[in-house]
Every structure is written in structure tokens, then in C-alpha cells.
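A.B. asks: quick one, what's the 3D model for this:
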Amino acid sequence: MAPRSWSALETDLGDIILRRLQHHADRVRFGAVCRQWRSLARRNDPPSQFFPWLALPDRTFYSLPDSAFQPLPLYLERHRQLPHAQSSCGEWLVFERMDGAYTLVNPFSMSTTMVLPRLSTEPSPSHFIGDPPPFMSKLVVCSPNLVAAVVGAGWPHRLALCRPGAASWSWADDQDQLKSLQDMIWHRGKLYALDGNHGRLLSVSIAEESDTGEPTVSRVDVLVEAPRWQFIESPLQYLLESDGALLMVRREDPNIQNSPMVDDFGALNYAGLGLDRATEFKVFQADLAQSRWTELSSVGEDRVLFVQGCCSRAVRVPDRCKDYVTGDRIFFLSDAAARPYYRKNVSFYCSIYDMRKRRSHTYLRTKVRPLKGFPVVWLFRGSDVGV
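C.D. replies: You can find the predicted model right below:
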């Protein structure tokens with residue numbers, strides 16, 4: 001009997017094969033076999049559609065989970081060409097203009113942009129002689145009409161608000177509770193912030209100035225008090241939303257205790273250290289009714305968390321992707337190379353913490369040539385959120 005044509009491959013079998021093709025190049029080769037296979041490949045979204053990208057310090061991008069490195073095909077006139085990664089967030093890369101203003105670019109669409117005003121050069125009420133100029137250590141795009149930023153390093157921080165396209169920022173300098181922010185997110189029409197000194201969850205209400213229309217902080221409420229734990233040195237905590245709940249993810253990393261290699265905005269640098277000791281995580285859910293944090297033993301069989309100082313999010317793992325990414329895990333970064341930009345090459349690590357086994361392992365290790373001031377960041381598509 002004559003052999004059957006490859007084009008006669010049953011659809012169900014083709015779906016099984018595609019689910020096992022993790023690399024983008026392999027999926028391209030699959031689609032190149034014949035017209036029927038090409039149609040089948042187009043009907044099955046690649047796994048990378050559901051997971052974030054890594055923006056590396058050498059201006060290349062790594063798409064999970066298909067191990068594809070690619071350059072950023074983007075050039076902006078009258079801008080510094082290196083993204084301002086400390087304040088890049090979600091699906092946005094932040095580029096500083098030559099006049100000090102900022103342009104937010106969505107690298108997934110390339111045509112979607114947002115313009116923010118330059119930061120004020122006037123000293124803050126707590127400014128000391130010799131302090132560095134203001135810079136954004138955290139940026140949150142709340143909506144097309146509202147952006148919030150944490151400005152400054154160390155203590156105190158300043159919370160700034162603006163409308164995209166506006167001429168200036170408004171400052172919440174009269175709110176003492178907002179001077180030690182470690183992280184913040186926008187969730188269901190409200191800004192939530194994590195107090196880095198006390199571990200409190202804050203709700204920040206935003207109103208509008210009646211005379212100018214500028215955004216302003218109308219009140220700050222303490223929703224959750226800090227849990228009773230013994231703090232270790234240089235703790236890192238991340239605030240994110242997962243399936244409607246607010247989570248605080250606490251990173252306990254013996255590799256960085258008593259180390260000067262933690263910068264002012266919480267980025268880590270493992271160059272020369274190695275990941276020789278286990279990184280552990282504790283996850284807490286905000287119990288708003290009891291005003292307390294409740295420790296979780298699991299983040300969900302269909303959830304993975306991606307944590308990093310600039311932006312952390314929970315992502316739901318579709319059934320079709322469970323062959324590539326297993327749920328109940330936390331992806332985290334070494335944030336290599338933000339500081340030793342003078343080095344020719346340094347090692348970068350992306351690791352996974354398994355909530356069930358309570359241990360971490362290296363997922364990706366590669367050499368990168370770092371550029372000044374550009375640590376590693378997650379980049380999420382608008383749909384890469386656990387809802």
C-alpha cells in the first residue's frame with residue numbers, strides 16, 4: 001500500500017505534536033511542511049503568546065518558553081535609545097527624551113505610545129545637598145488618563161501623579177504614609193501600595209483638583225497591618241493581584257544578605273556571587289475583612305507568578321501550555337548587570353521557585369553585555385494577567 005501523504009495527518013495528532021514543539025523555529029518548520037500543516041500551526045497560538053518577555057540588559061528580548069532571543073527593532077528620534085528600565089512596567093518600555101520628558105512605547109504593537117512630563121528639578125521638602133537628581137524607581141500606568149510613579153531612592157520616596165500629555169506632575173508630599181513605598185499596583189480602579197518599612201497594605205484614593213483637573217491624593221487608608229515576622233536584612237517584597245486577590249510575595253535570599261550589591265531601587269546583582277544558596281519565597285494574601293496577611297501554601301495549580309521590582313504579575317497557565325510551564329511556581333530574576341556595566345560580559349539568571357517542593361532551580365542562564373542603568377525587566381502583553 002502506498003504511504004499516506006503528510007497532509008493527511010489527523011488534526012488531533014497535529015495538535016499533540018504542536019503542543020510539544022516548544023521552540024519557535026520548530027513551529028515554523030512544522031508549518032513549512034505543507035499547506036494543511038501551515039493552517040494547523042496558525043490555528044494554534046504559540047505558548048509564548050501567553051507568557052511575558054524578558055528585556056535583557058543588552059537590548060535583546062527572550063520570549064518564554066520558546067527560548068528565542070531577538071533584538072528590539074525600535075528607534076526613537078530625539079530620545080536616549082536605552083529604555084529607562086527601572087520604571088518600565090507591564091507592557092510599556094519607558095524612553096527618556098532629550099528634553100527630560102518620557103515616552104512610553106508598547107513593544108508588542110510598536111505604534112502605541114504615551115508621553116509623560118519631565119520630573120521637576122525643584123528640590124523636594126526632604127531634599128538634602130548632594131542628593132541625586134530625581135528619578136522614577138516605579139511606574140504604574142493606571143489607565144489611559146492616569147499614571148502614578150514612585151520617585152527617589154532610599155528614604156523618603158515621593159508619589160507623583162500625572163495625566164499623559166500633561167505639562168507637569170502633581171506630588172503627594174503631604175502624605176507621610178507614602179514616603180516608604182516598596183511596591184504599588186492599580187487594581188479595580190484604585191491604587192494599592194506596600195509600605196516597605198512596616199509591611200502594611202495601603203489604599204490610595206485619587207481625586208481631581210476642582211480648579212486644575214490635575215490628579216491628587218485625597219486619602220490614604222491602612223487596609224492590612226504588617227504580619228508578625230522577624231525581618232531579615234534587605235528583604236524584597238512584591239505586590240501583585242491574582243484571581244482578584246492581593247498578594248504580597250516576600251523573597252528571602254541568603255545570596256544577598258549583608259551584600260552591598262542591592263541597589264537603591266531593590267535590583268539585585270549576582271555578578272561574581274553565583275546562586276550557591278537557595279532562594280525561598282513566602283506568599284501572603286490580604287484578608288481585608290480581618291485586616292491581616294494570611295500565608296498561602298500554594299499560588300494555584302493554574303497560576304505562575306513573575307516577580308521583579310519594576311513589575312510583578314500573576315499569569316494563568318492555559319491547559320494547552322501545561323506541557324511547557326507547570327503552575328504553582330514563581331519565576332524570579334537575578335537582575336544581573338544593572339550596576340557592573342563596565343564588565344564585558346556577566347551571567348544572568350532566571351530561576352523558578354516551586355511552591356510545592358519549596359525549592360528553586362535555574363531556568364535560564366546566559367551571558368549578557370550589560371548597558372548602563374538597564375536591569376532586566378518582565379514585559380507583559382495586555383492579556384498576560386491572571387484574571
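A.B. asks: now do the contacts for Leu364.
C.D. replies: 54, 62, 67, 348-350 (CB atoms under 8 Å, 6 or more residues apart in numbering). Any C-beta I mention is one placed from the backbone N, CA and C, and that applies to glycine too.
A.B. asks: may I ask which two of the residues you listed are separated the most?
C.D. replies: Checked with CB to CB, those reach their widest spread between Ser67 and Tyr349, with 15.0 Å between them.
A.B. asks: so which of the two has more stuff around it?
C.D. replies: Tyr349 (20 against 14; other CB atoms under 10 Å).
A.B. asks: quick one: the strands in the stretch 251-387 of the chain?
C.D. replies: Along the stretch 251-387 of the chain, counting by DSSP state E, counting those that start in this stretch, strands occupy 280-287, 292-296, 303-306, 313-316, 329-333, 346-354, 359-368, 377-379.
A.B. asks: and Phe30, which of the three is it?
C.D. replies: Here Phe30 is recorded as helix under DSSP: H, G, I helix; E, B strand; the rest coil.
A.B. asks: that one touches Leu18, doesn't it?
C.D. replies: Yes: the criterion here is CB atoms under 8 Å, and Phe30 meets it with Leu18 at 6.6 Å.
A.B. asks: pretty sure Met355 sits against Gly300.
C.D. replies: No: using CB under 8 Å, Met355 makes no contact with Gly300, being 9.1 Å away.
A.B. asks: I figured Arg316 hits Asp302, correct?
C.D. replies: Yes: shown here, Arg316 and Asp302 form a contact pair, counting by CB under 8 Å, at 5.6 Å.
A.B. asks: confidence-wise, which helix or strand of this structure is lowest on average?
C.D. replies: One helix or strand of the chain scores below all others by mean pLDDT, DSSP states H and E: helix 24-31, with a mean of 66.
A.B. asks: show residues contacting the helix or strand that comes right after that helix.
C.D. replies: Next in sequence after helix 24-31, counting helices and strands by DSSP states H and E, comes helix 35-43. With contact meaning CB under 8 Å, 6+ apart, helix 35-43 is reached by 6-7, 9, 11, 14-15, 18, 27, 30-32.
A.B. asks: filter the residues you listed to the buried ones?
C.D. replies: Among the contacts of helix 35-43, those scoring as buried are 9, 14, 18, 27, 30-31 (criterion: 16 or more other CB atoms under 10 Å).
A.B. asks: which of these lies closest to Ala148?
C.D. replies: Arg27 (38.9 Å).
A.B. asks: any idea how far Arg292 is from Glu225?
C.D. replies: Distance, Glu225 to Arg292, using CB to CB, to the nearest Å: 7 Å.
A.B. asks: most widely separated two among the buried ones among the contacts of helix 35-43?
C.D. replies: Greatest spacing in the buried ones among the contacts of helix 35-43, by CB to CB: Leu9 and Arg27 (15.0 Å).
A.B. asks: which one of the buried ones among the contacts of helix 35-43 sits closest to Leu161?
C.D. replies: Among the buried ones among the contacts of helix 35-43, Arg27 lies closest to Leu161 (CB to CB), at 43.4 Å.
A.B. asks: who does the residue lying closest to Leu146 once chain neighbours are set aside form a beta bridge with?
C.D. replies: Residue nearest to Leu146 in three dimensions, not counting chain neighbours: Pro215, with 5.8 Å by CB to CB, 6 or more residues apart in numbering. Beta-bridge partners for Pro215, by DSSP bridges, are Glu208.
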